[in-house]
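**Q** task: produce atomic coordinates for the following.
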Amino acid sequence: MTNSEDARTLNRRRQLARVALLKRRTAVASVLGFAAFFGLAAQHVVAKTSSGSTASRARESSLSASSASFFDDDSGGFSFGSSGTIGSSSGTSSTTSPPVAQSSVS
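**A** Got it, this is the predicted structure:
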């Protein structure tokens, strides 16, 4: 019986050593993954801040230079004219350019 007990304790020690090694590997992998994620997030913030300030200034100056006009800026009311277009009740169409869809893509 001593032989089987020795085999059991040896087997148990091997299993505990494997579990301990697996726990260490998991902890190291978690720390490295978190550090990589944190580094990527910090790099993204720094890149966004350094390039975003000049891009936002250029965008603001271009937006202030050309003001957008909408279809109802010069119309007297919101009714359909005889031609079927949206405009004032007299049926005249506006002479401004059509509205442009604006989107914010980052």
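**Q** contacts, neighbours, all on C-alpha from now
**A** OK.
**Q** which stretches of this structure form helices?
**A** 2-65 (DSSP state H).
**Q** quick one: find the helix or strand in it with the lowest mean pLDDT.
**A** Within the chain, no helix or strand scores below strand 86-87, which has a mean of 50 by mean pLDDT, DSSP states H and E.
**Q** what are the buried residues along stretch 19-30?
**A** By 16 or more other CA atoms under 10 Å, stretch 19-30 has no buried positions at all.
**Q** my bad, should have said stretch 26-44
**A** In stretch 26-44, counting by 16+ other CA under 10 Å, buried: nothing.
**Q** can you get me a residue count around Lys48?
**A** 13 (other CA atoms under 10 Å).
**Q** any idea how far Ala42 is from it?
**A** In this view, Lys48 and Ala42 are 10 Å apart by CA to CA, to the nearest Å.
**Q** kindly report the same for Leu21.
**A** Relative to Ala42, Leu21 is positioned 31 Å away (CA to CA).
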